[in-house]
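K.L.:
structure of the sequence below:
(chains A, B and C)
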Amino acid sequence: MTRTISIDPITRLEGHGKIEIFLGDDGSVRNCFFQIPELRGFERFVVGRPIEELPRIVTRICGVCPASHHMASAKAVDGCFGNEVPPVAHKLRDMYYHAHFIHSHVAHFYALAAPDFVCGPESDPAVRNILGVVAKVGLEIGGRVIKARSMAQRIQQLLGGRTTHPVWCLPGGVAKGLKKEELNEIKPMVKELAGFTEFSLKLFHDVVLKNPQYVDLILNGPYTLDVQFMGLVDKDNAPNFYDGQVRVVDFEGHEICKYQPDRYFEHVAEHVEPWSYLKFPYLRKRGWKGFVEGINSSIYCATPLARLNVADRMATPRAQEAYEGMFKTLGGKPCRALMANHWARLVEMVQNAEMLERYCADPEITSDKFRVLPQQITGTGIGIVEAMRGTLTHHYTCDKNGICTGANLIVGTTNNNAPIQMVTKKVAQTLIRPGKEPNQGILNMIEMAFRAFDPCYSCATHTLPGQMPLEVSVYQGGKLQHHFKRGS
Amino acid sequence: MADKKLQIALYWSAGCGGCDVAVLDTDEFILEVAKLADIRLWPIAVDGKYKDIEAMPDGELDLTLFNGAVRNSENEHMAKLLRKKSKLLIAFGSCAHMGGIPGLANLTTRDDILTTVYLHNPSIETGNQTIPHPETKVDGFSLHIPEFYKRVYKLSDVVDVDYFVPGCPPAPHQVKNVLLAVVGGQLPPKGSVIGASDRAVCDDCAREKTEKKLKRLHRPHEIIQDPKKCLLEQGILCVGPATRSGCGVRCPNTGQGCRGCYGPLPNVIDQGTKFIAALASIIDSRDPKEIQQIIDQTPDMIAIAYRFGLPASLLQRSMRS
Amino acid sequence: MSFEPKIVGFLCQWCSYTGADLAGTSRIQYRPNIRVIRLMCSARVDPSFIAKSLADGADGVLVCGCHPGDCHYAEGNYKTMRRFPFLKKMLAAYGIEDERVRLEWVSASEGQRFADVVNDMTERIRLLGPSRVRSKLQTDKAER
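P.N.:
Numbering: from 1, shown residues only, chains lettered A, B, ... in the order given. Just a heads-up that it's a prediction; the model follows:
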């Protein structure tokens, strides 16, 4: 008897999604689909808006990582104005961004991921959440976690005026600088956060690495893929979340390509399936080959683990130590075990905290030279940053009055759409055995596959107007709904 | 009063998750909430599924905080389902309250969005003719995704709403106030806006206000603004005069004009027209040519006056189909 | 059957309503398509009245006030003069045709002018056809 198992909605992630598992007559998994049901159309409705308003509109793509969109957008808008942004503005933006990374990584690790490890993957769903984690680890640790995220938010607020949905970046810089008294409030919080990042690594060690079941899950479980990796790196090939070149490395460690942001469309293309509103990016030069692994696969991951896989080193000393320790345990790099993303996230946080320390000690950080007035309009700009969950691209065009004429976004999690589809299917096929009804624990373990990616499906729309001639027929339920032609 | 915990749900529709982060930003208060309530559905943080909601008796939920606009059939289905299962349904955040930023899609069309996203984008696989649609058959199995509606609706367009909490996102201290009011049973008449002031942003804004006589308007990047003076007085557009306060004046405090996310003031049915009425009254000119020049200095007034509330405006959406 | 536009007219008491009255007492014939609402001053016309008229089914909206400099309240019509172009731009962004909403200065002695304005506006809107606003908003309630 054929059957469908629906996991709807998927939970402990950002955004909407569902998993449909189709069982054959013998009870084995015939097929499995990871579907994204949401679409809002940002890239179409920002057209017509003054380009300087975009950084404060596109933050609403995502309320967990709004600063990613804000920064990528700010860089794209700076490109549209062709002006040099003062170094102080870049430092301020980078400082804000490190605090933002910490808020998001803490939220993901403790609230979204930890319940599977602290409460257990097959524990009662009613307690398998942040509240259950706090109940298990105690109020002291729970309080410390809450305080850490609160401090990361407060640092952003002092720097940029707002946390969720910043309005801070303008063409030519930022709208406010950092005052000395604000810096004095930030300094002790940064010190505490630095300690917290070390504490988090230790917690991971005690809860996950000391548990042989979990180690087995990470190293030997079905949560692995032979696909490629993408991340932003600086001139030393260390991760830089705010700026740099995009580097793509295969799962055996060979560099496939490295490019400047303004060449992104030569390297990345997007495939569409009719059963999901989210597109599937792939390496353009290799062509779409389907959901297949292998050394020639055109599928790639863009995640914390991917970033560390493509990097040759970290940018700061304590993070470097943590990075070396991680890959030593994992048996070398690149690591294909996707659960290691949870660890990679914590390693990144160490770099975030160390960079915050550096900025706190930088005498320039309270300078008032954080803005210049744009003098021209170039009409096009591309900004790439690393969102917490992957490489984020904003590409804008505008007319001579600075009104947006086009926007193309390739968003962090979108990069991972194909790998998530593939690993979810793999895990479902491994864990669902014919004749054994999968309980909620098994279904949760299937969900753990996407959770490693820290997906953000609110970040799930892209468009760009163009002049391609085309003819389109749109079907719904097998019936032709719309038919139109455009162009010649 | 029984010792039974409150049964609550927090659901996101066509939104961004910022309202859920706003709840997390109440910091330790979330632990108080855990003592008072069982969270039956909150996809970002707990493992409740749709089938758990479908299985519960009607009215079992004491409170649902519903954020996000209504953009597709799943959003509407969940709005109706949660309405049935909830004693109190609160439209939480700008998107549920007024349509929010996704509401700007009401200036374009469904077809434009779909063709742009899936066909015209330069990153799209060459030759692609596929647009996602609600039902696909693969291998004899049916795959479904929601129907993408022609336009965006606010929550009260599809179900009866008890209270409205404005903001993009609602300020965390307001989230706390609202939850405490619900728990304490101290709510105003049904249909009220809660978690916000009844006065304009200007009343809470610390910038110096003198006389407003505008000879010209500036886009935010055209001048270096004086951090102490009223933004409007400097010619920088700020929708503060037409917007409820309660947010902490967070955008003008950053040096950027308010864009109205807390919605219109009490008894105002259309925020955008109120704003242009106020703005026009401070333009210092009697010459039609000069007036037109000043107006042309800030393009796209519709998306400044209705940045968060286009579906809630009197005209709701573009008439081009 | 030819389409008969429904035009809502907001007229200020002191100049334009009196001017319209003069058209009547002078027995000047003009299209019956206008429904007049008398206000004390054109500045009383909040732009939302115009939006609401369109949303509720008006095919056109006419606002009349005293000539600049002649406002009974000195400044009122200057405010109207400034609000109107803002509103027109916004209505254009909503996709509403320019001819549907119009501002005219009509003095107390301009009966003929009032009649000419109403006739001209009615015929322009007749050519445009009915406003789609109300029917679209009603369809939105039922069809997604």
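K.L.:
ok, now which ones touch B:Lys176?
P.N.:
With Cβ atoms under 8 Å, 6 or more residues apart in numbering or on different chains as the criterion, the residues that contact B:Lys176 are B:26, B:29. All C-beta atoms are positioned from the backbone trio N, CA, C, and that covers glycine.
K.L.:
just to be sure, it is in a helix?
P.N.:
Yes - the assignment for B:Lys176 (DSSP: H, G, I helix; E, B strand; the rest coil) places it in a helix.
K.L.:
grab the most central residue of the chain for me.
P.N.:
Reading this off chain A. A:Arg389 (1.3 Å; Cα atoms, centre = their mean).
K.L.:
my question was about chain C, not that one.
P.N.:
Taking Cα atoms, centre = their mean as the criterion, C:Leu62 is the residue nearest the geometric centre of chain C, at 0.9 Å.
K.L.:
and the gap between that one and A:Ala67?
P.N.:
Going from C:Leu62 to A:Ala67 by Cβ to Cβ, to the nearest Å gives 49 Å.
K.L.:
tell me the residue of chain C that sits nearest chain A?
P.N.:
Proximity to chain A, evaluated over chain C using Cβ to the nearest Cβ, is greatest for C:Ala93 at 8.2 Å.
K.L.:
now chain B
P.N.:
Distance from chain A to each residue of chain B (Cβ to the nearest Cβ) is smallest for B:Gly18, at 2.3 Å.
K.L.:
for chain B, give me its nearest residue in the stretch 101-250 of chain A.
P.N.:
Nearest residue of the stretch 101-250 of chain A to chain B, counting by Cβ to the nearest Cβ: A:Gly161, 2.7 Å away.
K.L.:
count of neighbours near that residue?
P.N.:
The burial count assigned to A:Gly161 is 21, neighbours taken as other Cβ atoms under 10 Å in any protein chain shown.
K.L.:
how about it, what does it touch?
P.N.:
Residues in contact with A:Gly161 (Cβ under 8 Å, 6+ apart) are A:167-168, A:175-176, B:250-251, B:253-256.
K.L.:
near chain C, from those residues?
P.N.:
With the criterion set as Cβ under 8 Å from any Cβ of the partner chain, no member of the contacts of A:Gly161 is near chain C.
K.L.:
which one (most neighbours) among the residues you listed?
P.N.:
Neighbour max across the contacts of A:Gly161 (other Cβ under 10 Å) = B:Cys251, 29 neighbours.
K.L.:
and that residue, what element?
P.N.:
In this structure, B:Cys251 is located in helix B:250-254 according to DSSP states H and E.
K.L.:
give me the residues contacting that helix.
P.N.:
Applying Cβ under 8 Å, 6+ apart, the contact partners of helix B:250-254 are A:160-162, A:166-168, A:175-176, B:171, B:201, B:205-207, B:231, B:238, B:240, B:257-259.
K.L.:
repeat the analysis, applying 10 Å as the threshold.
P.N.:
Applying Cβ atoms under 10 Å, 6 or more residues apart in numbering or on different chains, the contact partners of helix B:250-254 are A:56, A:157, A:159-168, A:174-176, B:167, B:171, B:201-202, B:204-207, B:225, B:227, B:230-232, B:236, B:238-240, B:243, B:247, B:256-261.
K.L.:
just how off-centre is that helix within its chain?
P.N.:
Between the centre of helix B:250-254 and the centre of its chain there are 18 Å (Cα atoms, centre = their mean, to the nearest Å).
K.L.:
pLDDT (mean, whole number) over it?
P.N.:
In this model, helix B:250-254 carries a mean pLDDT of 96.
K.L.:
run the contact check for the helix or strand following it versus chain C.
P.N.:
Tracing the chain C-terminally past helix B:250-254 and defining elements by DSSP H and E, one meets helix B:271-281 next. Yes - using Cβ under 10 Å from any Cβ of the partner chain, helix B:271-281 reaches chain C at B:271-281.
K.L.:
ok, helix B:271-281 near chain A or not?
P.N.:
No - no part of helix B:271-281 sits close enough to chain A to count as contact by Cβ under 10 Å from any Cβ; the gap is at least 15.1 Å.
K.L.:
give the contact list for B:Ala96.
P.N.:
For B:Ala96, the contacting residues are B:11-15, B:19, B:65-70, B:75, B:79, B:89-90, B:154-156, B:161, B:164-166, by Cβ under 10 Å, 6+ apart.
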